[in-house]
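Novice: Sequence first, then the predicted structure:
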Amino acid sequence: MIWNVQKECMSSEEKHELQSARLRKLVNDLYHNSPFYRQKLQELDILPGDIRSIDDITRLPFTTKDDLRTHYPYGLFSVPMTKIIRLHASSGTTGNPTVVGYTRHDLTVWAETVARCLSAYGADHNDIFSVAYGYGLFTGGLGLHYGIENIGATVVPTSSGNTAKHIRLIHDLGITALACTPSYALYMADMLNTSADDRHGTRLRLGIFGAEPWTENMRREIEEKLGIKAYNIYGLSEIMGPGVAHECEYRNGSHIIDDHFYPEIVDPETLRPLPDGRQGELVITTLTKEGMPLLRYRTKDLCSLTHEKCECGRTSTRISRIAGRSDDMLIVRGVNVFPSQIEGVILETGELEPHYRIIVDRKDNRDEMTVEVERRRENGTGNVATPELQSKTATRLHDILGINATVRIVPPDTIQRCEGKTKRVIDNRKLH
Ligand code: DLL
């Protein structure tokens, strides 16, 4: 079903007009209400009146995660705090997390965009959803939650953790739809002990998976093991959260909700726009956000665009699957991890060298991260790592990243040195 035919099936002329009007208003508002953007626009000699249509977007400045970090926590908000009614946060590259703020209007738009996604997957008020994305600072849980309520389906806010209890709820409550990371879905599938009988013992029919990269092979495996149809949902907290783009029944790329989130693809090196079909970095402008609107936000996600009309009738731009990142961010069990955060912990100890490798494996459908790091060479003393140092480092990593990592401390000079760019991350998950 199409949730909002008027907006999702607009002609290209109507769309162009709406996006242009929204961009004009956005730039005007930012110029007057956001010291950060006023300065950026002034540096480029741009006055609000210079932006006449959406085609002028390429004249506008880019925004990066670094801008958010530098202006932590509220520097990019463009309304007074009295208008902000929700905050979320995600991890930053080092030190400061990224804080995002929503007005009441933003939360209404978010519940609408998620409702559009859910309708495209064929969900309706007959469905009972288990949301196993984390509830809390992460946008996954609450983001899905209000969209599900919006379509009148039932929401069970399971959140993450406690798989045994979750499986019981799936059986006892007659849950029909599951929202979680694709890797957790696979893990659950194995825990559900899906013999044909058992699988048919549940009412599960639909899965909504995102927050991390996944493949067509994973889709097939999830569908087979759980006996469901699995759909992709894409999003990022800086732009809104889940529900920036979604698949439809044709599953031929993900529709970007482009009356709210305007997409471009640029070459990550030159930052020049790339044509349809060419892979590059996805850049998004929030056309209607009030709390923390962003101009040309560099997502660092690599994909391509198509403006071809989809058979489902929606006219929105579609993105291909995310093929990787233009930075070194890893997603481990749905959690964003930057090697620089790990390096920060290593240096903090004073007993370890910044020679390290991050090894990520997928065992029994669970991500496992090992940090292998060299012990500091000490004059005359042995180079044996103490268990205390190991557990202290692991605890600190957990504090900073929010996930467990195995710490392996090795003697000095054992990690291979590279000439040129060091390859610190060994990702054995084969997701691309
Ligand atoms: O992961 C929001 C979300 C929650 C999306 C639940 C979907 C479902 P962040 O924590 O800010 O927000 O992480 C955003 O995750 O830039 C991508 O690199 C990655 N990502 C999100 N969805 C997908 C997807 C949430 N469907 C970052 N496929 C993004 C591949 C994804 N990568």
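Specialist: All right, it came through fine. Residues are numbered from 1 along each chain as shown.
Novice: burial measure for the residue of the stretch 151-300 of the chain found nearest the ligand, as a count.
Specialist: At 3.1 Å from the ligand, Gly210 is the closest residue in the stretch 151-300 of the chain, using Cβ to the nearest ligand atom. All C-beta spots, glycine's among them, are computed from the backbone N, C-alpha and C. Neighbourhood size, Gly210 [other Cβ atoms under 10 Å]: 28.
Novice: give the contact list for it.
Specialist: Going by Cβ atoms under 8 Å, 6 or more residues apart in numbering, Gly210 touches Thr181, Pro182, Asn232, Ile233, Tyr234, Gly235, Pro242.
Novice: Likewise for Leu295?
Specialist: Here Leu295 is in contact with Leu26, Val27, Leu30, Tyr37, Lys40, Leu60, Pro61, Phe62, Thr63, Thr285 (Cβ under 8 Å, 6+ apart).
Novice: can you rerun that using 10 Å?
Specialist: 23, 26-27, 30, 34, 37, 40-41, 57, 60-63, 262, 283-286 (Cβ atoms under 10 Å, 6 or more residues apart in numbering).
Novice: which residues in the stretch 151-300 of the chain form strands?
Specialist: Per DSSP state E, counting those that start in this stretch, the stretch 151-300 of the chain carries strands over the ranges 154-156, 177-180, 206-210, 229-236, 241-246, 254-256, 261-266, 280-286, 297-303.
Novice: need those strands in JSON lines with distance to Leu352 and mean pLDDT, can you?
Specialist: Formatted as JSON lines, those follow (distance: least, Cβ to Cβ, whole Å; pLDDT from 0 to 100):
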{"stretch": "strand 154-156", "distance to Leu352": "43", "mean pLDDT": "98"}
{"stretch": "strand 177-180", "distance to Leu352": "35", "mean pLDDT": "98"}
{"stretch": "strand 206-210", "distance to Leu352": "35", "mean pLDDT": "98"}
{"stretch": "strand 229-236", "distance to Leu352": "32", "mean pLDDT": "98"}
{"stretch": "strand 241-246", "distance to Leu352": "36", "mean pLDDT": "98"}
{"stretch": "strand 254-256", "distance to Leu352": "41", "mean pLDDT": "98"}
{"stretch": "strand 261-266", "distance to Leu352": "38", "mean pLDDT": "98"}
{"stretch": "strand 280-286", "distance to Leu352": "33", "mean pLDDT": "98"}
{"stretch": "strand 297-303", "distance to Leu352": "28", "mean pLDDT": "98"}
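Novice: want to try a markdown table for those, with distance to Arg104 as columns?
Specialist: What follows is the strands of the stretch 151-300 of the chain, written out as a markdown table (distance: least, Cβ to Cβ, whole Å):
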| stretch | distance to Arg104 |
| --- | --- |
| strand 154-156 | 20 |
| strand 177-180 | 24 |
| strand 206-210 | 25 |
| strand 229-236 | 20 |
| strand 241-246 | 16 |
| strand 254-256 | 24 |
| strand 261-266 | 19 |
| strand 280-286 | 16 |
| strand 297-303 | 22 |
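Novice: among those, which is nearest Ile51?
Specialist: strand 280-286 (11.1 Å; Cβ to Cβ).
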